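*Asks:* The following comprises the amino acid sequence and a computationally predicted model.
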Amino acid sequence: MTIKLPLHSRITGTGSFLPPNRVSNAALAERLAADGIETSDEWIVERTGIRFRHFAADGVTCSDLGFEAAKRALAAADCDPQALDLIIVATSTPDMVFPSAACMVQQKLGVHGCAAFDLQAVCSGFVYALSVADAMIKVGTASKALIIGSEVFSRILDFKDRTTCVLFGDGAGAVVLEASETPGILASELHADGRYVDILCVPGTVAGGHVLGDPLLKMDGPAVFKLAVSVLDGVARSVLAKAGRSEADIDWLIPHQANIRIMQSTARKLKLAPHKLIATVDRHGNTSAASIPLALDDAVRAGTIRPGDTVMLEAVGGGFTWGAALLDL
Ligand code: ACO
């Protein structure tokens, strides 16, 4: 196929998958109480907006969840997996140290030969992956990309730390991004600041056949909260300026689903009506790189977000990383 430059890229299908085990705050509180750790539905809902999260069964991996989401996105896009020339999985919880979960999804799809790699930017991973795939399509390196955010954060949670284990869940979301004559991804912007590595991390590593250090998630919640609210509206505004659009052009805001208070604060700063905020954090918890494509697919399948709508995606995550992308669906 001959590709004429410059090209646009456009999302042609979305899909998602949640593992069937849905855990309520009350059920989680009961599990923690068995270890003498106190929490409650009231505390979790009030501070985070989370009511439920899904946990993958033992042995179910990042690529398993990603594969399920990918099948749904490919079907929605009416895209034959054999036509894919790029697969990116955004994840911090891959099946193995290597090879990538993307290679495993490729194998599960029965496709061989196309480029496949993982991208690690924690909760900003999907926005990073979308931006990378968009650039690859625009320079002609790819024309049909499968972009997945997939996480099994339950594997890295410390269930003795109530300040973190109540926040996260497992799941996957995916989109098919294709070369297009009409604009889809209008603009994007990515950032990172390594000075903040320590405020959200899994500090352990594998060496000499052992896990060295702590392999469970550590977070300074208030520091993450402060940093998140300080960067999100700025990057969204910058992306709007690049695209030649204004706040009034945003039909829907899909922030990374970490905490309803962070999400509402950003929507307010962007002067968006509350109904323009897509929120699934109550049902999914924080699924890190999967949260945005999960929320996008949820809203598309519910008929809330429709073809032609303008959507702002924005995320913050460990690193510290952050970014935003504006798109016409
Ligand atoms: N149940 C009951 N009490 C709790 C729990 C819990 N699960 N967790 C903490 N507490 C207690 C604390 O011990 C503290 O008690 P104390 O006052 O006696 O010391 C009290 O609640 C208040 O704790 P804070 O940490 O100050 O609570 P805060 O209002 O900041 O909420 C939270 C904590 C929800 C983590 C908040 O800081 C937050 O949302 N931060 C953003 C972090 C985030 O969303 N991270 C997700 C990953 S990063 C990302 O996705 C970008």
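*Replies:* Structure received. Numbers count the residues shown, from 1 in each chain.

*Asks:* Burial check on the one residue in the chain that gets nearest to the ligand, number of neighbours?
*Replies:* Closest approach between the chain and the ligand, counting by CB to the nearest ligand atom: Gly221, at 2.8 Å. Glycine gets a C-beta too; all of them are placed from N, C-alpha and C. Other residues near Gly221 number 15, with proximity taken as other CB atoms under 10 Å.

*Asks:* Tell me the secondary structure of the closest residue to it other than its chain neighbours, please.
*Replies:* Spatial nearest neighbour of Gly221, excluding adjacent residues (CB to CB, 6 or more residues apart in numbering): Thr163 at 5.8 Å. Secondary structure, DSSP: H, G, I helix; E, B strand; the rest coil: Thr163 is helix.

*Asks:* near the ligand, anything from stretch 296-313?
*Replies:* No. For stretch 296-313, no contact with the ligand is found by CB under 6 Å from any ligand atom; the gap never falls below 13.9 Å.

*Asks:* and that stretch, average pLDDT?
*Replies:* Summarised as a single mean, pLDDT over stretch 296-313 is 98.

*Asks:* what about it, how long is it end to end?
*Replies:* End-to-end distance of stretch 296-313 (CA to CA, to the nearest Å): 9 Å.

*Asks:* How about residues contacting that stretch?
*Replies:* 14-16, 69, 72-73, 126-127, 130, 173-175, 186, 236, 239-240, 245, 249-255, 270, 278, 280, 292, 324-329 (CB atoms under 8 Å, 6 or more residues apart in numbering).

*Asks:* Now, of those, which are buried?
*Replies:* The neighbour-count test (16 or more other CB atoms under 10 Å) marks 14-16, 69, 72-73, 126-127, 130, 173-175, 186, 236, 239-240, 245, 250-255, 270, 278, 280, 292, 324-329 as buried among the contacts of stretch 296-313.

*Asks:* So which of those residues are in helices?
*Replies:* Among these, the residues falling in helices (DSSP state H) are 69, 72-73, 126-127, 130, 236, 239-240, 292.

*Asks:* ok, so of these, who is nearest Glu38?
*Replies:* Ile292 (32.0 Å; CB to CB).

*Asks:* Just the pLDDT for the closest residue to that closest one other than its chain neighbours.
*Replies:* In space, and not counting its chain neighbours, Ile292 is closest to Phe126: 4.7 Å by CB to CB, 6+ apart. On the pLDDT scale, Phe126 is placed at 98.

*Asks:* need the contact list for Phe126.
*Replies:* Phe126 is in contact with 90, 147, 149, 173, 289-293, 313, 315, counting by CB under 8 Å, 6+ apart.

*Asks:* Can you go through these and name the buried ones?
*Replies:* Buried members of these, scored by 16+ other CB under 10 Å, are 90, 147, 149, 173, 289-293, 313, 315.

*Asks:* Now tabulate the residues you listed in TSV and tack on distance to Ser9.
*Replies:* Listed next are the buried ones among the contacts of Phe126 as TSV, based on distance: CB to CB, whole Å:
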residue	distance to Ser9
Ala90	16
Ile147	10
Gly149	17
Gly173	18
Ala289	19
Ala290	21
Ser291	22
Ile292	17
Pro293	15
Leu313	14
Ala315	19
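
*Asks:* And these, which is closest to Leu84?
*Replies:* For Leu84, the nearest member of the buried ones among the contacts of Phe126 is Ile147. The distance, counting by CB to CB, is 10.6 Å.

*Asks:* May I have the beta-bridge partners of that closest one?
*Replies:* Beta-bridge partners of Ile147, counted by DSSP bridges, are Ile88, Val175.

*Asks:* Next one: it from Asp134, what distance?
*Replies:* Ile147 is 9 Å from Asp134, where distance means CB to CB, to the nearest Å.

*Asks:* Can you pull the residues that touch both of the two?
*Replies:* With CB under 8 Å, 6+ apart as the test, Ile147 and Asp134 both reach Leu177.

*Asks:* and the most centrally placed residue in the chain, helix, strand or coil?
*Replies:* Nearest residue to the geometric centre of the chain (CA atoms, centre = their mean): Ala289, 2.7 Å. Following three-state DSSP, Ala289 is assigned to helix.

*Asks:* Could I get the contacting residues of it?
*Replies:* Counting by CB under 8 Å, 6+ apart, Ala289 touches 90-92, 121-126, 129, 149-151, 317.

*Asks:* Which one (most neighbours) among those residues?
*Replies:* Of all these, Ser150 has the most neighbours under the rule other CB under 10 Å, reaching 39 neighbours.

*Asks:* I figured Ala267 was touching Lys276, is that so?
*Replies:* Yes. Between Ala267 and Lys276 there is a contact at 6.9 Å, judged by CB atoms under 8 Å.
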